[in-house]
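Peer 1: Okay, predicted coordinates and the sequence, questions at the end:
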Amino acid sequence: MTPVVLDCDTGTDDAVAILLATLHPDLDLLGVTTVWGNHDVRHTTDNTLRVLDLVGRGDVGVHPGRNAPVRPRIEPLPSGRADLPSTLNLPAPSSSAGSDAVEWLVETLRAAVEPVAVVATGPLTNIAAALAADRRVAGSMGRLVVLGGCHRQAGVTPYAERNVWCDPEAAADVLAAPVRDVLLVTMDATFSAPLTAADAARLRSLGTPAAATAADLLDARIAWYRRDPAMAALGAAPLHDPLAVAALVDPGLLTTLRAQVRVERADPATYGATRFAAEVDDARGRASVAIRADRARYADLLCATLGSRATRPG
């Protein structure tokens, strides 16, 4: 089993990512750190606890993290998102949050006896703060998977994906750190593999709490994405964050390029854009950049994992 830490701004697709990481037999979820992004940390923490309690994994520590960028943005960013509910429609948690996310990350990575995979599905604020506290923890990360960046697909702006756009300074810090294996799962990859109402029905038919919850969340995302003409025409929605977890257990479902990545932090017009250079030069590129995904293989992985009735030790 691969030891893994999730760093999430838990909303609908982060919730499915947590379910996938918790239930996949090849992953050992050490803990979840929560960060601002979709909503304030108090909400992302509460949502995370709800998801873990749903599948009987209240033993997994949830650690509240940063609630603002590592350094001021060049323009202010409203807290939260009025277009998304701040609380998931799941039972209130019975478990409680643990220690500070950044302190826990540093302690956990320092103590690791084998490389720890870190999957970040929100702004990279916590990861940047942990690296600033002790840069040596970069050496304890086996693979860093970042749900972030755009190659050709537009994001929250024509140029920038939301997680990077929220905290471009943190993204730049993390991408400059000496982590041995960095994978960016871009919007190009997630939008290439949208899931449909038929996928939601397939999940619901599996009869497990995890699969039924994922089906409900997918249906809600399909309804939200009707404002996007391309997704409305397909009757589908991207399920972004679980694809970053899927990359740990089935890397072959992604098509990747090697790249040198730079984050735009000075130009207000393109603020938060990810700039890729030497895209096909394996010798020079430092990061892998996922630009496509196998939709059927992704759906199969979600169904196989969330539909399993095997129990995991608590």
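Peer 2: The structure has been received and is ready for your questions.
Peer 1: Partner strands of the lengthiest strand in the chain, with direction?
Peer 2: With secondary structure taken from DSSP state E, the chain has its longest strand at strand 254-263. With DSSP bridges as the criterion, the sheet partners recorded for strand 254-263 are strand 274-277 (antiparallel), strand 287-293 (antiparallel).
Peer 1: how about it: buried residues?
Peer 2: For strand 254-263, the buried set under the neighbour-count rule, 16 or more other Cβ atoms under 10 Å, comprises 254, 256-261, 263. Yep, even glycine has a C-beta here, placed from its N, CA and C like the rest.
Peer 1: Also stretch 227-243?
Peer 2: Within stretch 227-243, the residues that count as buried by 16+ other Cβ under 10 Å are 231, 236-243.
Peer 1: Could I get the full set of helices for the stretch 51-200 of the chain?
Peer 2: Listed in chain order, the helices found in the stretch 51-200 of the chain under DSSP state H, counting those that start in this stretch are 101-111, 125-133, 162-166, 168-175, 187-191, 197-205.
Peer 1: Tell me which of those sits nearest to residue 300.
Peer 2: helix 197-205 (9.6 Å; Cβ to Cβ).
Peer 1: returning to that earlier point: can I get the helices of the stretch 51-200 of the chain in JSON lines including mean neighbour count, distance to residue 24 and mean pLDDT?
Peer 2: Output for the helices of the stretch 51-200 of the chain, formatted as JSON lines (neighbours: other Cβ atoms under 10 Å; distance: least, Cβ to Cβ, whole Å; pLDDT from 0 to 100):
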{"stretch": "helix 101-111", "mean neighbour count": "19", "distance to residue 24": "20", "mean pLDDT": "97"}
{"stretch": "helix 125-133", "mean neighbour count": "25", "distance to residue 24": "22", "mean pLDDT": "98"}
{"stretch": "helix 162-166", "mean neighbour count": "26", "distance to residue 24": "22", "mean pLDDT": "95"}
{"stretch": "helix 168-175", "mean neighbour count": "24", "distance to residue 24": "24", "mean pLDDT": "96"}
{"stretch": "helix 187-191", "mean neighbour count": "25", "distance to residue 24": "19", "mean pLDDT": "96"}
{"stretch": "helix 197-205", "mean neighbour count": "18", "distance to residue 24": "15", "mean pLDDT": "98"}
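Peer 1: Just send those back as JSON lines, with distance to residue 148 too.
Peer 2: Converted to JSON lines, those look like this (distance: least, Cβ to Cβ, whole Å):
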{"stretch": "helix 101-111", "distance to residue 148": "18"}
{"stretch": "helix 125-133", "distance to residue 148": "11"}
{"stretch": "helix 162-166", "distance to residue 148": "4"}
{"stretch": "helix 168-175", "distance to residue 148": "7"}
{"stretch": "helix 187-191", "distance to residue 148": "9"}
{"stretch": "helix 197-205", "distance to residue 148": "24"}
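Peer 1: out of those, which comes closest to residue 62?
Peer 2: Distances from residue 62 to each of these were compared using Cβ to Cβ; the minimum, 9.0 Å, belongs to helix 101-111.
Peer 1: Can you pull out the low-pLDDT segments for the stretch 201-314 of the chain?
Peer 2: In the predicted model, the stretch 201-314 of the chain carries pLDDT under 70 at residues 278-285, 310-314.
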